[in-house]
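Student: Predicted model, plus sequence, below.
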Amino acid sequence: MADTIAEMRLPTNELRDDIPFFTKVLGMRLDMIYPADDPQTAVFSGHGLRLRVEKGATEHPGTIRILTDDPLGFAGGATALTAPNGTRVEIAERNPPLVLPQTLHSFVVRRLADQAPWIIGRAGMQYRDLIPDRLGGSIIASHIRIPDGGPVPDMVHFHKVGFQLIFCYRGWVDVVYEDQGPPMRLTAGDCFVQPPEIRHRVLLASDNVEVIEIGVPAEHVTEIDHEMELPTPHLRPDREWQGQKFVFNQARNADWRPFRLPGFVCRDTTIAANTRNVAGVQVVRRAPGAPVWASHDSDILFTFVMEGSVTLEGEGRDPQRLETGDAFVIPPGMKTRLSAASADVELLEVALPGDFATELETA
């Protein structure tokens with residue numbers, strides 16, 4: 001594709017008015033103009049664009065977005081301009097700060113039996129939304145599956161997020177990460193924490209692989225990195241991205257400890273320690289002991305039922321028997337109880353922040 005150039009055509013009624021706007025105000029370069037005696041067409045380039053402004057063209061004047069590290073200094077402080085030919089120009093930040101919406105707390109139960117639709121998403125993967133209201137945009141929890149295994153049509157990319165967890169629920173998936181060595185295989189019960197903006201690529205998946213993905217905030221940008229090749233030549237396991245380390249926690253040889261609620265044990269995934277308590281992730285199983293009513297003060301407390309069943313009781317709510325594939329969110333301060341857990345029950349609990357208090361109701 002050498003010697004190929006793409007350009008956008010824009011209309012104008014008077015080219016002489018447009019030339020100073022595109023060159024002096026927007027800082028673009030005038031590359032071409034003709035005919036000499038009565039110019040009808042001019043070509044400008046700059047900011048990664050090539051524009052053909054043509055008298056009598058029938059297209060709509062459109063909108064140009066210019067992204068810069070100094071939007072207030074780009075065009076004398078103006079962030080919205082209109083060119084003489086009618087083209088709207090928006091000046092915006094190239095890398096705007098991540099905005100974490102305030103959590104709109106609610107009690108959420110999402111049941112697999114309700115048959116929420118699976119949506120085809122990025123790289124052909126199928127997504128099921130586990131928190132439909134997304135708590136005001138503060139979090140997204142997705143149940144993701146790839147029915148047919150093999151190579152995944154993914155590219156090197158990164159996410160502009162505050163926190164992101166990938167927990168392998170069933171099957172396995174191979175992923176390669178920036179500065180973390182050769183590809184790693186995530187198997188059932190394992191998890192990755194992907195720090196903000198770490199480059200990575202999904203390579204290969206087993207048939208019917210399923211993962212649970214948690215992202216904060218709910219709407220975040222995924223960018224493709226066309227330059228980086230993975231794996232990178234450096235191994236930097238202690239590198240931090242915005243205060244977070246990459247975590248690869250494996251289920252085998254896990255250390256099971258008493259959970260914050262009586263009647264259960266848990267294994268810690270070390271995520272709280274490696275994200276400076278941005279989030280905490282526990283895998284929970286049944287243990288001896290009677291269930292009790294309890295409340296918490298975490299901003300977000302999400303649970304996914306990976307195996308077995310359990311009854312979720314909540315103050316002012318009818319008890320709900322939850323089965324494999326169901327999910328729920330308990331808002332802070334609400335009294336709930338997990339009772340009648342089956343012997344094989346296994347839960348995935350994600351808390352943001354990772355350090356929070358649980359208050360148990362005593363008799």
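Tutor: Right, received. Where do you want to start?
Student: Which pLDDT does the model give Ala2?
Tutor: At Ala2, the model reports a pLDDT of 63.
Student: Likewise for Ala363?
Tutor: pLDDT at Ala363 comes out at 63.
Student: Now do the spatially most central residue of the chain against Ala57, distance only.
Tutor: Nearest to the geometric centre of the chain sits Gly215, at 4.5 Å (C-alpha atoms, centre = their mean). Separation of Gly215 from Ala57 (C-beta to C-beta, to the nearest Å): 42 Å. Quick note: C-beta positions are derived from backbone N, CA and C, even for glycine.
Student: next one: Ala294
Tutor: Distance from Ala294 to Ala57, by C-beta to C-beta: 67 Å.
Student: Hmm, Ile144 and the residue nearest to the centre of the chain touching each other?
Tutor: No: under the criterion of C-beta atoms under 8 Å, Gly215 is not in contact with Ile144, lying 11.3 Å apart.
Student: And the helices in the stretch 151-300 of the chain, which stretches?
Tutor: Along the stretch 151-300 of the chain, counting by DSSP state H, counting those that start in this stretch, helices occupy 271-274.
Student: any low-confidence regions in it?
Tutor: Scanning the stretch 151-300 of the chain for pLDDT under 70 picks out no residues.
Student: Please enumerate the strands of the stretch 251-363 of the chain.
Tutor: Ranges of strands within the stretch 251-363 of the chain are 256-258, 264-268, 280-286, 294-296, 300-307, 310-314, 320-322, 327-329, 336-339, 346-352, 358-360, based on DSSP state E, counting those that start in this stretch.
Student: Give me the helices and strands touching the first one, please.
Tutor: Right, strand 256-258. Contacting strand 256-258 under the criterion 3 or more C-beta pairs under 8 Å, 6 or more residues apart in numbering; DSSP states H and E are the following elements: strand 264-268.
Student: Would you indicate which residues of stretch 335-355 are buried?
Tutor: 336-338, 341, 345-354 (16 or more other C-beta atoms under 10 Å).
Student: And stretch 42-61, by the same measure?
Tutor: 42-46, 50-51, 53-55, 57, 61.
Student: Kindly report the same for stretch 302-320.
Tutor: Buried positions in stretch 302-320, judged by neighbour count with 16+ other C-beta under 10 Å: 302-306, 308, 310, 312-314.
Student: just stretch 107-123 next, same as before
Tutor: Buried, per 16+ other C-beta under 10 Å, within stretch 107-123: 108, 110-112.
Student: try stretch 188-207
Tutor: Within stretch 188-207, the residues that qualify as buried are 188-206, counting by 16+ other C-beta under 10 Å.
Student: And stretch 219-230, by the same measure?
Tutor: The neighbour-count check on stretch 219-230 (16+ other C-beta under 10 Å) flags 220, 225, 230 as buried.
Student: Could you report the neighbour count for the closest residue to Thr270 other than its chain neighbours?
Tutor: Of all residues not flanking Thr270 in the chain, Asn249 sits nearest, at 5.7 Å (C-beta to C-beta, 6 or more residues apart in numbering). Close neighbours of Asn249, defined as other C-beta atoms under 10 Å, add up to 20.
Student: pLDDT score for Gly121?
Tutor: pLDDT, Gly121: 78.
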